[in-house]
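K.L.:
3D model of this:
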Amino acid sequence: MAIPEEQIVRLLADPENRAILSCLDDVSGPLTVDELTQQLVERDTTVVDAATYDREFERTTVALHHRQLPQLDEAGLVEYDADENLVLTRGDAIDPEWVTIDLIDEFLSRFTGRRSADTDAIGVIEGEGAVYDYGRELADRAEDELFLIYRTDDLLDEDCLSHATQAIDRGVEFCVGSQNPAVRQFFREHIPETTLWEPQLDWMNEPSRYPRISRLIVADRDKVMLSLRDKPMATGSKTETAMIGEGKTNPLVVLVRELLGPRLDHLDYQSDHFSGELPFEL
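P.N.:
Coordinates of the predicted model:
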C-alpha cells in the first residue's frame, strides 16, 4: 500500500528522524541499533557527562526500537530488521523534493505558529499502537514526575505497567487521574504506590462530542502527549491521534500546564488516599 506523501513529510519534518537518515546515509552498509544510537547521542552537544550519556543512550534506544524505526520502515525510508537489530537506509525511496526546507517548514506551520527553535514544534502521532509506544517512551524518560489522565479503562494496557513501576523504582512520582472509577481501581490494584485523584476538568469530560480527548500524559512538566479518539466506526474500531510537545516553552506544554493549573501541585489533597483519611465526606 502506498504511503501518503503527507505522512512521509511528517516523518521528515521530525529533526530526530532526519538525524537518523543522515547517520545511515553516511555509511555504506547497515548499522546495528546500538551503533546508530551511539552516533545519534554523540551528535547531541548537550550530552556532557557519563550519566547524561547513559540516560540519553537508553532513551534513544527505546525511541528507535518502539517508534522511529518502525515508522520509517513502514514509510519505506529505511529497512529495519527488528529480529537482527539491523537498520539500513533506502535513499532511493526519498523524493528529493520532499526534503526541502521550505516544504518541511510549510508543513510544520500547520501545527505551530513559529519555528524559532525545535522546542516550539508540535508533533502528531497517528494510530493507537504508535500512541501506546510514545506513552511508554515518556514513562521511560521521566525523571521526577509522571502524570496520567485517562477517560476510560478500555485504553489501559497491562503491558504498560512495567514502565510505570520502573519509573517509580527510579524515584519518579507517579500520579493517575480519572473520573472513571474503573480506571482508578485498575491502578489501585496493580500499582498501589500510585497517587490517584479525580480531576475536575470540563474540557476533558464533555460526554457527547467527537473527537474526544482520551488520555493525557505529562512527564516532568516539560513533555506532553494529548490524544484524541474519533467516533467509533461501523466495524466497532476507533482511530487515535496524539499531539506531542517537549520543552518548557513548547506551546502545547504551556497550554496543558495552564489548563491543569495548580492541580499538579496539590494532588495529595485531591487523592483517594487523602479523601479516605478525612473524618467527613467530601
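K.L.:
residues of stretch 59-69 that come out buried?
P.N.:
Within stretch 59-69, the residues scored as buried using 16 or more other C-beta atoms under 10 Å are 60-69. Using the backbone N, CA and C atoms, a C-beta is placed for each residue, glycine as well.
K.L.:
and what of stretch 175-186?
P.N.:
Using 16+ other C-beta under 10 Å as the test for burial, stretch 175-186 gives 175-180, 183-184, 186.
K.L.:
dump those residues to JSON lines, plus secondary structure.
P.N.:
As requested, the buried residues of stretch 175-186 are arranged in JSON lines below (DSSP: H, G, I helix; E, B strand; the rest coil):
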{"residue": "C175", "secondary structure": "strand"}
{"residue": "V176", "secondary structure": "strand"}
{"residue": "G177", "secondary structure": "strand"}
{"residue": "S178", "secondary structure": "coil"}
{"residue": "Q179", "secondary structure": "coil"}
{"residue": "N180", "secondary structure": "coil"}
{"residue": "V183", "secondary structure": "helix"}
{"residue": "R184", "secondary structure": "helix"}
{"residue": "F186", "secondary structure": "helix"}
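K.L.:
of those, which is the nearest to R136?
P.N.:
Minimum separation from R136 among the buried residues of stretch 175-186 (C-beta to C-beta) is found for V176, which lies at 15.1 Å.
K.L.:
show the contacting residues for that closest one.
P.N.:
147-150, 183-184, 187, 194-197 (C-beta atoms under 8 Å, 6 or more residues apart in numbering).
K.L.:
if we use 10 Å, what do you get?
P.N.:
Neighbour list for V176: 146-150, 156, 164, 183-184, 186-188, 191, 194-197, 199, 267, 271 [criterion: C-beta atoms under 10 Å, 6 or more residues apart in numbering].
K.L.:
same thing with D154?
P.N.:
By C-beta under 10 Å, 6+ apart, the contact list for D154 reads 180, 182-183, 214, 229, 238.
K.L.:
so among those residues, where is pLDDT lowest?
P.N.:
For the contacts of D154, the weakest pLDDT value sits at K238, with 57.
K.L.:
how deep is the nearest residue to L86 once chain neighbours are set aside tucked in, by neighbour count?
P.N.:
Excluding its sequence neighbours, the residue lying closest to L86 (C-beta to C-beta, 6 or more residues apart in numbering) is P30, at 4.5 Å. If you count neighbours by other C-beta atoms under 10 Å, P30 ends up with 18.
K.L.:
so where do the strands sit in the stretch 101-250 of the chain?
P.N.:
Using DSSP state E, counting those that start in this stretch, the strands of the stretch 101-250 of the chain run over residues 123-126, 145-150, 173-177, 195-197, 212-219, 223-229, 240-246.
K.L.:
so for E281, what's the pLDDT?
P.N.:
35.
K.L.:
wait, G177 sits on P199?
P.N.:
Yes: with contact defined as C-beta atoms under 10 Å, G177 counts as touching P199 (4.1 Å).
K.L.:
for R43, see how far away the residue lying closest to T89 once chain neighbours are set aside is.
P.N.:
Nearest residue to T89 in three dimensions, chain neighbours excluded: L24, at 3.6 Å (C-beta to C-beta, 6+ apart). Here L24 is placed at a distance of 13 Å from R43 (C-beta to C-beta, to the nearest Å).
K.L.:
got it, and W197?
P.N.:
W197 sits 40 Å away from R43, going by C-beta to C-beta.
K.L.:
what's the answer for D81, then?
P.N.:
Counting by C-beta to C-beta, the gap from D81 to R43 is 23 Å.
K.L.:
can you flag the buried ones in the contacts of V176?
P.N.:
With burial judged by 16+ other C-beta under 10 Å, the buried subset of these is 146-150, 156, 164, 183-184, 186-187, 194-197, 199, 267, 271.
K.L.:
may I have the beta-bridge partners of E173?
P.N.:
Note on E173: beta-bridge partners by DSSP bridges are E145.
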